[in-house]
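Colleague: structure of the sequence below:
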Amino acid sequence: MSWTVDWSCDEEMAKDARAILESKARRVHGRRYLSSHVDAAYRSKVEADIALRNARRTRWLGRATFPDSSSLPLLDIGCGFGTFVLACRALGLEAHGVDMGEGEIAFARRRQRRVLGSDRPFCFHHQRAETLPFPDQRFRIVTLWTVIEHVPRWKELLEEAARVLEPGGLLLLVAPNYLSTWKEPHFHVPWLPLFALLPRAVAGRYVSWLGLGRDYYDEELALVHVLPVARWLAHHGFDIGFGHELLLRTAPERAGETDHPSRALSTAASVSRQAERLGVGRLLEGLIGLYAWFPLRSVVFYARKGGQQPEEVEDLVNSPSSA
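Modeller: Modelled structure (predicted):
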């Protein structure tokens with residue numbers, strides 16, 4: 001698919017974004033700060049490549065879950081500079097974003113005007129994730145891209161995400177697993193998985209000893225890992241294996257849509273075709289369900305909220321072709 005959206009920023013916008021990222025990088029890295037930290041953050045948070053890939057995957061998941069729906073309202077919690085939200089908008093999703101960073105939201109609104117025009121209301125909201133400004137069951141998709149580990153009260157965050165998600169909707173959650181990582185993804189230093197099980201002050205002293213941002217650690221990092229998140233989702237009625245199964249089933253079609261599918265997508269498409277050919281689809285889905293509880297994998301949940309299930313999804317789950 002060719003993309004015609006102009007994602008470029010003017011010089012003033014790029015300068016403002018880099019200033020925000022530099023301020024945060026200095027807070028995170030302390031005495032270990034390098035200008036390359038800003039460059040890396042700009043590529044991942046402002047430039048569009050990663051956001052477009054995530055938006056394309058999200059659209060596929062939404063269409064597979066709600067195949068007859070003409071509208072896929074989506075909320076991106078912790079939207080940052082808004083790149084993913086605008087990518088979703090470019091793909092036809094009714095996407096909104098919330099973030100507590102005032103500078104990031106201001107940038108996102110300016111970019112919305114530049115990309116989508118000035119005749120549309122803002123789809124970005126300056127708000128904390130624990131108090132979302134939306135009514136119950138407002139969205140069919142809620143995304144949390146590397147956000148939950150920045151919210152010490154992460155259970156309150158998930159409660160709000162579940163509140164605004166309609167029954168049968170998708171919660172897409174990605175975060176580092178502090179029970180398995182040997183390199184802290186924000187500080188970029190060696191890390192012990194044992195820190196996730198010890199009192200927070202232990203890792204805090206390690207952060208201080210290295211000259212990193214102790215205030216950032218205390219205020220903005222939650223050492224989350226798979227098992228407590230999985231337990232919370234399951235306890236609150238989420239099917240934590242559903243999204244992974246859906247990803248597997250849609251992989252062949254998604255791989256066929258793009259000229260250069262990623263290695264992971266190509267592998268998933270091949271596995272899906274082979275499973276259907278050999279008649280072991282349900283066995284594979286069972287293994288995927290067990291994998292959702294595996295404690296050493298990344299914290300990745302594409303989960304479906306319990307409640308009234310769309311008839312089309314029920315047919316998909318129980319289709320003979322998946323056996």
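Colleague: so who does the nearest residue to Ala303 once chain neighbours are set aside touch?
Modeller: Nearest non-adjacent residue to Ala303, counting by C-beta to C-beta, 6 or more residues apart in numbering: Phe238, 4.1 Å away. Any C-beta I mention is one placed from the backbone N, CA and C, and that applies to glycine too. Counting by C-beta atoms under 8 Å, 6 or more residues apart in numbering, Phe238 makes contact with 162, 171, 301, 303-306.
Colleague: what do you get for Val224?
Modeller: 148-149, 154, 175-178, 196, 299.
Colleague: and the nearest residue to Leu197 once chain neighbours are set aside, helix, strand or coil?
Modeller: Nearest residue to Leu197 in three dimensions, chain neighbours excluded: Leu179, at 7.5 Å (C-beta to C-beta, 6+ apart). With DSSP: H, G, I helix; E, B strand; the rest coil as the basis, Leu179 sits in coil.
Colleague: okay, helices next: where are they in this structure?
Modeller: Per DSSP state H, the chain carries helices over the ranges 11-29, 35-45, 49-65, 83-90, 102-116, 154-164, 200-209, 214-220, 226-235, 242-257, 263-278, 281-291, 311-317.
Colleague: okay if I get these as TSV plus distance to Leu132?
Modeller: Listed next are those as TSV, based on distance: least, C-beta to C-beta, whole Å:
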stretch	distance to Leu132
helix 11-29	23
helix 35-45	21
helix 49-65	19
helix 83-90	15
helix 102-116	14
helix 154-164	5
helix 200-209	26
helix 214-220	19
helix 226-235	17
helix 242-257	21
helix 263-278	31
helix 281-291	30
helix 311-317	25
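Colleague: which of those helices is buried the deepest?
Modeller: Among these, ranked by average contacts under mean count of other C-beta atoms under 10 Å, first place goes to helix 83-90 (a mean of 26).
Colleague: give me the angle between that helix and helix 49-65.
Modeller: Interaxial angle, helix 83-90 versus helix 49-65 (axes from the mean of the first three to the mean of the last three C-alpha atoms, to 10 degrees): 50 degrees.
Colleague: about what we covered before: quick one: pLDDT of the residue nearest to Leu197?
Modeller: Per-residue pLDDT puts Leu179 at 95.
Colleague: same thing with His150?
Modeller: Reported pLDDT for His150: 94.
Colleague: so what's it closest to, chain neighbours aside?
Modeller: Nearest one to His150, counting by C-beta to C-beta, 6+ apart, is Glu220 at 5.2 Å.
Colleague: and the gap between the one you found and Glu149?
Modeller: For Glu220, the distance to Glu149 (C-beta to C-beta, to the nearest Å) stands at 9 Å.
Colleague: then Asp49?
Modeller: Asp49 is 23 Å from Glu149, by C-beta to C-beta.
Colleague: repeat that for Ala19.
Modeller: Taken as C-beta to C-beta, the span from Ala19 to Glu149 is 24 Å.
Colleague: many thanks, have a good one.
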